[in-house]
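J.: got a predicted structure here, sequence first:
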Amino acid sequence: MVVGGVAAGMSAASRARRRDPDLEIVAYEASSHVSYGSCGLPYLISGQVRRPEDLVVVTPERFKSERNILALTRHEVLAIDPWGRTVTVRDPSGSTFKTEYDVLVLSTGGRASRPPVPGADLTGVFTLRTLDDGIALLEYLRGHAPRRAVIVGAGYIGVEMAEAFRTIGLEVAVVEMLPRPLSNFDPDLSELARAEMERNGVALYFGEPLQALEGDVRVRRVVTPSRTLDADLVLFAGGVRPAATLARDAGIALGPTGAVQVTARMETNVPGIYAAGDVAEVHHLLSDRPAYIPLGSTANKQGRVAGENAAGGDATFPGVVGTAVLKAFGLELARTGLSTDEARQAGFDPVSAVVRHGSRAHYYPGGGRITVKVIADRQSGRLLGAQMAGPEGVAKRIDIFATALHARMTPEEVAELDLSYAPPFAPVWDPVLVAARAAV
Ligand code: FAD
C-alpha cells in the first residue's frame, strides 16, 4: 500500500510492480491527481506549460491498465494502525473505511507553510504545492484578473513564481524576513539573484516578516512592520515542512529535522512501514548527518528504493550531496554540497574561491559570464561544495561538482578533469576548471 501518490509514492508503486508482478498494489492520494511534476507548476502559471494535464506523467487509468496498480485519488488516509496493519481512509463521498496492508510506503510529501497571520484565509491567498493548488491559482488568475501579486518568501519557489507572475504581466513584490533571497546559497551568489529579480521589475523587501493580510473578502493589502503593500494576489512561498503528522500519530519516529527518520533501505522504525520523498529525511554525504532537503530528484530515487524493498528486494539509497538548480529570469543558479555556513556548522574549516569566466569561447557569439564559487576544507583539502550563476551552461556544469563530491575529490583533482570543449559550448579552459584551480 502507498499513502501519497506523487513522485515518491508512484515511483515506489511502479518499482514494486516491476519486482513482483503478482503483488496487489493500491495507492491512496488525497488530492485529485497522481504522478505529476509539481516542479512544472511555475511554468503552468507562466503559460509555458499549456494545460494542467500536461504535467501528469501517468493517469490512474493508465496505472490500472498498464501496471495493474490501483491509484485512488481523493482518498485521504486519516490514520495508520501499525499493530493491526490497517489504515483508515476517507473516500470522496466523505465515508471512512478501514483496510489492511502487509507493507506500507509512506510518501505524504511536504506541505507549504501557511503563516498564522490575520487574513491568511482571505480569497486570493494561495500556496503552491499540488496540481490542485496550481489549478486553483490559474482559475483565480482567469476569473479575478489580479494585477498586483505579493509573494511571501524568497526561496526557490518564491523566486520561480516571481518570474512566472512577471511573465504574465503582473506587478510583483517579494517580502522576505531574511536579509536576502535563496538563503541556502552563499551571500555573493544570492546577491546575483537579487539583482536579476530587480532588473526584471520585482520589488524586493528583505528583513521584513509578514504581519497581516488585509481585505474585505478578497485580499487587498500585505502588512509588514515597515510598510503596507497593495495586493490582489498573495502567494505563501515561505518553505516546505514534512507532512509527517500521520506518521507521528502512528508512532513512526521523526528525526531531528522533523521529517521521518529512515535507514538507507528507507525503513522507518516501524516494521513493515517505509517512508520516501519529502516526508523523509536524507543522509547528507558531506556533513554525515540527517538533513531535510525536499527535492523531486531525491523523492523519485527514495521511492524507487522503498518500492523495491517493499516488494522483497534489497536496495539502498546512500544519500545526497545537496544539488539543486533553478532559473531566475535570465539567470541559472545552482548549488551542490555545503554552503560556507553549512560547512562551518558541519565542523569544517571552509575556504573558497570565486571566479567569473565566459560560458563560451570569447570570440563565439552569445553566452555570458558564469560566476563559480568553490568551497573546500582548509585542513583536508577536500572539496565541500560549489555554487554557480550565469546566463547559460550552469545547470549541467554543477553536476560535474556534484559528481566530484560523490567521488570525494579535491579541487586539484577537479582541475585536471578531461571536460569537453568546443567554442559554442565552453572556452578552452572551462569555468569549472578555472574555479577548481583557483581553489587549490
Ligand atoms: P509530494 O509531491 O508532496 O506528494 C505527496 C502527496 O501525498 C500529495 O499529493 C498529498 O496530497 C498526498 N498526501 C499527503 N497526505 C496524505 C494522506 N494522509 N492521504 C493520502 N494522500 C496524502 N524539486 C526539484 O528537484 N526540482 C525543482 O525544480 C522543483 N521545483 C518545484 C517547484 C514547485 C512549485 C514545487 C511545489 C516543488 C518543487 N520541487 C522541485 C520539489 C518536488 O516537487 C518535491 O520534492 C516532490 O514533489 C516530492 O515528492 P513526494 O512524492 O515526496 O511528495
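T.: Sure, I can see it. A quick note: this is a predicted structure, and the numbers were derived from the prediction, not measured.
J.: could you pull out the helices for the stretch 151-300 of the chain?
T.: Applying DSSP state H, counting those that start in this stretch to the stretch 151-300 of the chain gives helices spanning 156-167, 187-199, 245-249, 296-310.
J.: of all the ones you listed, which one comes closest to the ligand?
T.: The ligand lies closest to helix 296-310 among the helices of the stretch 151-300 of the chain, at 3.5 Å (CB to the nearest ligand atom). The C-beta positions use only the backbone N, C-alpha and C, and glycine is treated the same way.
J.: quick one on the thing from earlier: I'd like the helices of the stretch 151-300 of the chain written out as TSV, with mean neighbour count added.
T.: Formatted as TSV, the helices of the stretch 151-300 of the chain follow (neighbours: other CB atoms under 10 Å):
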stretch	mean neighbour count
helix 156-167	24
helix 187-199	18
helix 245-249	16
helix 296-310	25
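J.: can you redo those helices as a markdown table with distance to residue 258 and mean pLDDT?
T.: Shown next, in a markdown table, are the helices of the stretch 151-300 of the chain (distance: least, CB to CB, whole Å; pLDDT from 0 to 100):
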| stretch | distance to residue 258 | mean pLDDT |
| --- | --- | --- |
| helix 156-167 | 19 | 98 |
| helix 187-199 | 24 | 98 |
| helix 245-249 | 9 | 98 |
| helix 296-310 | 16 | 98 |
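J.: reformat those as a markdown table; add distance to residue 437.
T.: What follows is the helices of the stretch 151-300 of the chain, written out as a markdown table (distance: least, CB to CB, whole Å):
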| stretch | distance to residue 437 |
| --- | --- |
| helix 156-167 | 30 |
| helix 187-199 | 19 |
| helix 245-249 | 47 |
| helix 296-310 | 29 |
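J.: reformat those helices as TSV; add distance to the ligand.
T.: TSV is the format used below for the helices of the stretch 151-300 of the chain (distance: least, CB to the nearest ligand atom, whole Å):
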stretch	distance to the ligand
helix 156-167	5
helix 187-199	15
helix 245-249	5
helix 296-310	3
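J.: any idea which of the ones you listed gets closest to residue 387?
T.: Residue 387 lies closest, by CB to CB, to one member of those: helix 187-199, at 4.7 Å.
J.: chain center to the closest one: distance?
T.: Taking CA atoms, centre = their mean, to the nearest Å, the mean C-alpha location of helix 187-199 is offset from the chain mean by 20 Å.
J.: same check, this time on stretch 170-188
T.: 16 Å.
J.: how far away is the most far-flung residue of the chain relative to its centre from the ligand?
T.: Taking CA atoms, centre = their mean, the residue of the chain most remote from its mean C-alpha position is residue 363, at 37.3 Å. Remark: distance between residue 363 and the ligand (CB to the nearest ligand atom, to the nearest Å) = 34 Å.
J.: check contacts around that residue.
T.: residue 423 (CB atoms under 8 Å, 6 or more residues apart in numbering).
J.: looking at the helices of the stretch 151-300 of the chain, which is closest to residue 374?
T.: Judging the helices of the stretch 151-300 of the chain by CB to CB, what sits closest to residue 374 is helix 187-199, at 11.9 Å.
J.: residues in this structure within reach of the ligand, list them.
T.: Contacts of the chain with the ligand, taken as CB under 6 Å from any ligand atom, map to 3-4, 6-9, 28-31, 38-39, 41-42, 76-77, 107-110, 128-130, 157, 243, 246, 277-278, 294-297, 299.
J.: just to revisit the earlier point, nearest to residue 379, of the helices of the stretch 151-300 of the chain?
T.: So among the helices of the stretch 151-300 of the chain, helix 187-199 is nearest, using CB to CB, at 23.2 Å.
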